[in-house]
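Undergrad: here is my input; please provide its structure:
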Amino acid sequence: MKHLSLRPFSFVCFIGTLFTCFGFLLATEAKASERETCFHHSKICYLTVEDNKSAQISVQNNYAFPVRVSLHMTGYNITPKQITKNALVGPNQIKSILFVKVKNHGEWRYSWTSQLHPETGDAKHDDTVLYQLPFPKTKSYPVSQGPNGAFSHRGPNSFAIDWAMPVGSEILAAREGTVLALREDSFQGGASNQYKSEENYLWIQHSDGTIGQYLHLKKDGVVVQVGDKVEKGQLIAYSGNTGYSTAPHLHFHVSSSQPHGAAFKSHPVSFVPR
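TA: Numbers count the residues shown, from 1 in each chain. I've put the predicted structure just below:
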């Protein structure tokens, strides 16, 4: 899509499966603007079209499977002033998610957060399953952020766990399943906004439909391929420090999509005692 300048500014940032975007425009600005902002190595793109009267946001899904996208918007001098949209976007589909109008002449602005997740339908987590810790039994790593952690484990990520571990540590499958998607080409990471779209990840779908997510992996650190069947305890990747990360660690959570509110929710899991 052709990129046109937006006056006076446009800013976008990303954390895991959470996106935050800001827009600002004067109602007296006559020139229309189009923007395309992509994440997940261009697998998901947000398309924004603005003029002096309105803004429209669409989502393009370049994955080979449907995804659930939610978008929560708040703004000034626009209607609606606040709204949450949740939409199912098919593979290789573009779908309009949100449309807002300027209420009165003068300055107007808006900001939005968005979450995405593979569509899992009516999947229900099997709470009887015992997960294996996602690293060898001979290793022990401290939890740097647990469920409901104040830094980032809130809302949909409430039941996520972070283990602090050196870059290159072995990551094992916590549960058997099928590799749904991955990224391993990024070598950048740090506690700065510039790294928020640089996360390597591995998604494994379980027999109950839920997704095990392994995040912040090392560059070229995934040793399985999309479509592979993996067993519990199998070596699947090596840990890293890619994406928005304050220190080398593994982020792990199990989640499923939902049709209302946030695009997904995480599930509490139990691990086999050592």
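
Undergrad: quick check: beta-bridge partners of residue 68?
TA: On the basis of DSSP bridges, residue 68 is bridged to residue 88, residue 117.

Undergrad: please report how far it lies from residue 261.
TA: Applying CB to CB, to the nearest Å, the value for residue 68 to residue 261 is 11 Å. In short, each C-beta sits where N, CA and C put it, glycine included.

Undergrad: what's next to stretch 96-107, contact-wise?
TA: 24, 26-28, 52-59, 69, 71, 73, 75-80, 83, 85, 87, 108, 110, 112 (CB atoms under 8 Å, 6 or more residues apart in numbering).

Undergrad: what about that stretch, start to end distance?
TA: Distance between the two ends of stretch 96-107: 24 Å, counting by CA to CA, to the nearest Å.

Undergrad: so for it, what gets flagged as buried?
TA: 97-98, 100, 102 (16 or more other CB atoms under 10 Å).

Undergrad: which one of those residues is nearest residue 156?
TA: The nearest member of the buried residues of stretch 96-107 to residue 156, counting by CB to CB, is residue 97 at 17.4 Å.

Undergrad: secondary structure element for that closest one?
TA: Residue 97 belongs to strand 93-102 when elements are defined using DSSP states H and E.

Undergrad: chain center to that strand: distance?
TA: When distances are taken as CA atoms, centre = their mean, to the nearest Å, strand 93-102 is centred 20 Å away from the chain's centroid.

Undergrad: what pairs with it, and is each one parallel or antiparallel?
TA: Partners of strand 93-102 in its sheet, by DSSP bridges: strand 54-61 (antiparallel), strand 78-79 (antiparallel).

Undergrad: nearest to residue 245, out of those?
TA: Across these, residue 245 has its closest neighbour in strand 54-61 (25.5 Å, CB to CB).

Undergrad: can you point out the buried residues in the closest one?
TA: So, applying 16+ other CB under 10 Å, buried residues of strand 54-61: 54-55, 57-61.

Undergrad: ok, stretch 162-171 next?
TA: Here stretch 162-171 shows 162-165, 167, 169-171 as buried, counting by 16+ other CB under 10 Å.

Undergrad: of these, which belong to strands?
TA: Using DSSP state E, the members of the buried residues of stretch 162-171 that fall within strands are 162-164, 170-171.

Undergrad: save those residues as JSON lines, and put in pLDDT and distance to residue 220 too.
TA: Conversion of those to JSON lines gives the following (pLDDT from 0 to 100; distance: CB to CB, whole Å):
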{"residue": "162", "pLDDT": "92", "distance to residue 220": "22"}
{"residue": "163", "pLDDT": "95", "distance to residue 220": "21"}
{"residue": "164", "pLDDT": "95", "distance to residue 220": "22"}
{"residue": "170", "pLDDT": "98", "distance to residue 220": "15"}
{"residue": "171", "pLDDT": "98", "distance to residue 220": "14"}
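
Undergrad: circling back to that earlier point, among the buried residues of stretch 162-171, which pair sits farthest apart?
TA: So, these by CB to CB: farthest apart are 162 and 170, at 16.8 Å.

Undergrad: chain neighbours aside, what residue packs nearest to residue 90?
TA: Nearest non-adjacent residue to residue 90, counting by CB to CB, 6 or more residues apart in numbering: residue 66, 5.0 Å away.

Undergrad: of residue 68 and residue 261, which one has the most company?
TA: residue 68 (23 against 14; other CB atoms under 10 Å).

Undergrad: list just the nearest of the buried residues of strand 54-61 to residue 136.
TA: The closest of the buried residues of strand 54-61, once distances to residue 136 are taken by CB to CB, is residue 61, at 36.1 Å.

Undergrad: what number of residues lie near the nearest residue to the closest one once chain neighbours are set aside?
TA: Of all residues not flanking residue 61 in the chain, residue 89 sits nearest, at 4.2 Å (CB to CB, 6+ apart). Close neighbours of residue 89, defined as other CB under 10 Å, add up to 21.
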